[in-house]
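Asker: Sequence and predicted structure below; questions after.
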Amino acid sequence: MNGIRTTTLAALLFLSLTPRAFSAEGDPARGRHVFGACAACHSLQPDRNMTGPSLANVWNRKAGTLPSFSRYSDALKSANIEWNDKTLDAWIKNPQHVVPGNQMTFPGIQNAQQRADLLAFLKQATESGGPRPAPEGGGMGGMGGMMGGGKEADLKKLEPEQRVQSITYCKDTYTVTTANGKARKFWERNLRLMTDSSARGPDKNAPALLPAGMLGDRADVIFSGPGEISQLVKGKC
């Protein structure tokens, strides 16, 4: 009887000292699909920043220090955290708990297996010689739809119906004319004027018209820089 108790106690002690040995390992293939929900905000390509900073080479990088990204919150810049397996797992689980007051907008992934899969994919993608593209679409229950995936378009390669020629504004309506000669009218709150100065952004003086929303009544006009907006949009009734 004493032998059984001794063996049981030893086993319990071993389990308490080595929790990672019995935790599920991450699966990069599953993690690739998890990352599909992050792809709208984060790139895996070095210095290709989007809503959030590029995740290329994120391991062993101090939080808030990527030189090419200028939109870090003060909370993150002063957090004094180095990204590794432990800190990234905690961050993905609950960003606000790790760094209160940061600007990360999603509530976190509570499922430990999903986090392990995502980290396994990220580590493989950043340590095996180059990033792998995330699948289009795809979602993660923990993230909801607020970070939906999707492939970012190359705005230097536009079809005539996407290339904006002129924009006029009258009362509450924008009229956008494209290179194929067609004009579309948008209620002023349904047309967003945006900029993209990245390598995949539009050429100078060649803004892009992209559909937005699900009903076909909304769109984005994307310029190469803010100075083009006032030059192109003209008041005309």
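Answerer: That came in fine, so what should we check first?

Asker: What are the contacting residues of the helix or strand where residue 91 lies?
Answerer: Under DSSP states H and E, the secondary-structure element containing residue 91 is helix 85-93. Among residues not part of helix 85-93, those counted as contacts by CB atoms under 8 Å, 6 or more residues apart in numbering are 58-59, 63, 81, 83, 97-99, 108-110, 115-116, 118-119, 122. Glycine gets a C-beta too; all of them are placed from N, C-alpha and C.

Asker: Dump that helix to PDB, keeping only the CA atoms.
Answerer: Taking C-alpha atoms only, helix 85-93 is exported to PDB below (Å, rounded to 0.1, in the frame of the first residue of the first chain):
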ATOM      1  CA  ASP A  85       6.400  31.600 -26.600                       C
ATOM      2  CA  LYS A  86       5.200  32.500 -23.100                       C
ATOM      3  CA  THR A  87       4.500  36.200 -23.700                       C
ATOM      4  CA  LEU A  88       2.900  35.700 -27.100                       C
ATOM      5  CA  ASP A  89       0.600  33.000 -25.700                       C
ATOM      6  CA  ALA A  90      -0.500  35.400 -22.900                       C
ATOM      7  CA  TRP A  91      -0.900  38.300 -25.400                       C
ATOM      8  CA  ILE A  92      -3.100  36.300 -27.800                       C
ATOM      9  CA  LYS A  93      -5.200  35.000 -24.900                       C
END
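
Asker: Shouldn't residue 185 be within a strand?
Answerer: Yes. With DSSP: H, G, I helix; E, B strand; the rest coil as the criterion, residue 185 is located in a strand.

Asker: surely it meets residue 172?
Answerer: No. Taking contacts as CB atoms under 8 Å, residue 185 lies outside contact range of residue 172: 10.4 Å.

Asker: So for these two, which residue has more residues nearby?
Answerer: Neighbours of residue 185 and residue 172, each counted by other CB atoms under 10 Å, are more numerous for residue 185; the result is 13 against 9.

Asker: What does the pLDDT read for that one?
Answerer: As summarised for this prediction, residue 185 has a pLDDT of 91.

Asker: where's it relative to residue 66, distance?
Answerer: Here residue 185 is placed at a distance of 41 Å from residue 66 (CB to CB, to the nearest Å).

Asker: helices and strands of this protein: which one bottoms out on pLDDT?
Answerer: helix 2-17 (a mean of 46; mean pLDDT, DSSP states H and E).

Asker: who's residue 234 bridged to?
Answerer: Per DSSP bridges, residues listed as beta-bridge partners of residue 234: residue 168.

Asker: Leaving out chain neighbours, which residue sits closest to the residue most central in space within the chain?
Answerer: Relative to the mean C-alpha position of the chain, the nearest C-alpha, by CA atoms, centre = their mean, is the one of residue 41, at 1.4 Å. By the measure of CB to CB, 6 or more residues apart in numbering, the closest residue to residue 41 outside its immediate chain neighbours is residue 51, 4.1 Å from it.
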